[in-house]
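In: what follows is a predicted protein model with its sequence.
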Amino acid sequence: MIIFANILLDTRIITADAFTALLLMAVASTMLTQPMVAPWLALQSATKPE
């Protein structure tokens, strides 16, 4: 996502403000992945039949 946004910025398809917004969204979604998925993974491992 960041590479794609950087290419768009370099080719002047998006503005610096749009690039900043895309960068912040990419970082935020990456940071939220682990807390959002951890409970689901714990539930999956607890209900997994052996």
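Out: Received it, and whenever you're ready, just let me know what you need. Remember, it's a predicted structure, so these values are computed and weren't measured experimentally.

In: CA atoms for contacts and neighbours, from now on please.
Out: Will do.

In: now do the SS call for residue 48.
Out: Recorded secondary structure, residue 48: coil (DSSP: H, G, I helix; E, B strand; the rest coil).

In: give me the phi and psi angles of it.
Out: In terms of degrees, to the nearest 10, the main-chain angles of residue 48 are phi -70, psi 120.

In: residue 14 now?
Out: phi -120, psi 160.

In: could you check how far the residue nearest the centre of the chain is from residue 23?
Out: Centre of the chain computed as the mean C-alpha position; nearest residue by CA atoms, centre = their mean is residue 29, 3.3 Å away. Distance of residue 29 to residue 23, given as CA to CA, to the nearest Å: 10 Å.

In: quick one on the thing from earlier: state the pLDDT value of the residue nearest to the centre of the chain.
Out: On pLDDT, residue 29 comes in at 95.

In: go on, residue 48?
Out: Residue-level pLDDT assigned to residue 48 equals 71.

In: what about the strands in this structure?
Out: Counting by DSSP state E, no segments of the chain form strands.

In: show me where pLDDT drops low in it?
Out: Within the chain, the stretches with pLDDT under 70 are 50.

In: look up the closest residue to residue 16, ignoring the ones flanking it.
Out: Nearest non-adjacent residue to residue 16, counting by CA to CA, 6 or more residues apart in numbering: residue 9, 6.9 Å away.

In: any idea how far residue 45 is from residue 23?
Out: Taking CA to CA, one finds residue 23 at 33 Å from residue 45.

In: equivalent analysis for residue 14, please.
Out: 43 Å.

In: of these two, who's got more company?
Out: Using other CA atoms under 10 Å as the criterion, residue 14 and residue 45 rank with residue 14 on top: 14 against 10.

In: relative to residue 23, how far out is the more buried one?
Out: Per CA to CA, residue 14 is found 12 Å from residue 23.
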